[in-house]
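# build me a model:
(chains A, B, C and D)
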2 protein chains.
Amino acid sequence: MNDTKKIGRPRSFVEAEALEAAMNVFWAKGYDGTSMKDLTAAMGISGPSLYSTFGDKRGLYLKTIDLYADVDGCAPVVAYEAEPDITKAVRDFLTTVVTYSTQQEGGPKGCFLASCVATTVGEVEGVAERMESAIKATDQRLALKFEREVKLGNLPQDFPALHRGRLLNDLRQGYVHRSRAGWSAEALLEDLEDRVQMVLSWA
Amino acid sequence: MNDTKKIGRPRSFVEAEALEAAMNVFWAKGYDGTSMKDLTAAMGISGPSLYSTFGDKRGLYLKTIDLYADVDGCAPVVAYEAEPDITKAVRDFLTTVVTYSTQQEGGPKGCFLASCVATTVGEVEGVAERMESAIKATDQRLALKFEREVKLGNLPQDFPALHRGRLLNDLRQGYVHRSRAGWSAEALLEDLEDRVQMVLSWA
DNA sequence: TTGTTTATGTATCGATCACTATAAAAGTCA
DNA sequence: TGACTTTTATAGTGATCGATACATAAACAA
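Numbering: from 1, shown residues only, chains lettered A, B, ... in the order given. Now for the predicted structure:
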């Protein structure tokens, strides 16, 4: 679309690609563990280019968060929405959380938001607001399927869809937390079925 | 006990007090956000004294974690264990989590382990093991009361005590996560009662 | 006293951090 | 062509980081 010629020396990199490369570095090494040197190396651009395009380190970090939130390729949620059967969907969600959180030693682990960004909420200004809206968005997406099932008659009319959406999201955070501390996928999957039933139960 | 005279110039500070002061700094500012300057100022000792006594920054950090784990004055667990009625105990636990996580802007917030240490698990070597054993210990303490209630006949014989202990612990982590992102205590308390019932429910 | 041991205070160390001044390079305009 | 605009690469900036060298101070042992 915007292929109109502009005056001045053209960019030698694609902004979106550089942003994704930066996100992967933050994802793998954390915010504080990532230096500008790491970033310029991974993005394939020089310091001044980075600063003129993305502002400073914090600005770049926030932009990577926005990128992730916009695309939202968060695997567990995608798996959840793809499965028609609600019980299977809940199970798939939690299973995907566990597998994604426990694999990929060293590299990007789990969900960018839950595994990396969440740890910088109290530290980097601007993250908290993004985190809050991201959590709310996920709550809503998870609740949406419950609401559909209520309308279809597969769940009771007074089923607390939003509450259970939030619950599912919090269970995710619990799994991520435990996996960070070294829990194995096997150990995490142990009480998964109990929780699946619990999320869908309604007296 | 160990008040035997030792040769050499005596310490001008009490190790436990200095350690507690250091913990409060880490608690309030996070690991990366805390500089050695912050630490020496808060502990009232000089750099060389700090290094000769506690090793390096990481060593000091790990020692503060051990201190907290040994004392374990984690308010929610204490409140939980103090309340005889199991339903009230579960409610008190979660309520305490919410209130402690949302108050004290700027200063130490929530549980040291859940609010500060948890964010450094993937970053500081030695934290993961401590975090894992701390989580397991809390799981056990929470499950213990459920087991007692089972024996007393207040809960079904096949009630999954350990699973529900873990669940309660994970719900805590979810609340802490949300409070970090800016949730108000009021919003967090909204679906608390639903969860209290859920933790104790058994088909 | 003198020697030994340990802790303290001062004053810094080199390394690394996020960040930028400067000027050449690479494009569009006239 | 040559003025103009923007991005590039080089080479650093001062600040702050975690961690120490050194000499002094304060205890005990002889």
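
# contacts and neighbour counts: CA atoms only from here.
Fine.

# return the residues of chain A in contact with DNA strand C.
A:5-10, A:32, A:34-37, A:47-48, A:51, A:56-58 (Cα under 7 Å from any atom of the strand).

# show me those that map onto helices.
Judged by DSSP state H, helices contain the following of these: A:36, A:37, A:47, A:48, A:51, A:57, A:58.

# any idea which of the residues you listed is closest to DNA strand D?
Nearest to DNA strand D among these is residue A:48, at 4.9 Å by Cα to the nearest atom of the strand.

# state the pLDDT value of the closest one.
You'll see residue A:48 listed with a pLDDT of 94.

# ok, residue A:159 next?
pLDDT for residue A:159: 96.

# where's it relative to DNA strand C, distance?
The gap separating residue A:159 from DNA strand C is 47 Å, by Cα to the nearest atom of the strand, to the nearest Å.

# so what's that residue up against?
Shown in contact with residue A:159 (Cα atoms under 8 Å, 6 or more residues apart in numbering or on different chains): A:150, A:202.

# how far away is it from residue B:174?
Per Cα to Cα, to the nearest Å, residue A:159 is found 21 Å from residue B:174.

# with residue A:37 instead?
Taken as Cα to Cα, the span from residue A:37 to residue B:174 is 34 Å.

# for residue A:199, same thing?
Taking Cα to Cα, one finds residue A:199 at 15 Å from residue B:174.

# neighbour count: the two, which is higher?
More crowded of residue A:199 and residue B:174, by other Cα atoms under 10 Å in any protein chain shown: residue B:174, with 23 against 19.

# who touches that one in this structure?
Contacts of residue B:174 (Cα under 8 Å, 6+ apart): A:170, A:171, A:173, A:174.

# make JSON lines from those and add secondary structure and pLDDT to it.
As requested, the contacts of residue B:174 are exported to JSON lines (DSSP: H, G, I helix; E, B strand; the rest coil; pLDDT from 0 to 100):
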{"residue": "A:170", "secondary structure": "helix", "pLDDT": "96"}
{"residue": "A:171", "secondary structure": "helix", "pLDDT": "96"}
{"residue": "A:173", "secondary structure": "helix", "pLDDT": "92"}
{"residue": "A:174", "secondary structure": "helix", "pLDDT": "94"}
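
# of those residues, just the buried ones, PyMOL syntax please.
Those of these that count as buried under 16 or more other Cα atoms under 10 Å in any protein chain shown are selected in PyMOL with:
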select buried, chain A and resi 170+171+173+174
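
# tell me the domain ranges of chain A?
A:15-70, A:73-200 (automatic domain parsing).

# what's the most buried one of those?
domain A:73-200 (a mean of 19; mean count of other Cα atoms under 10 Å in any protein chain shown).
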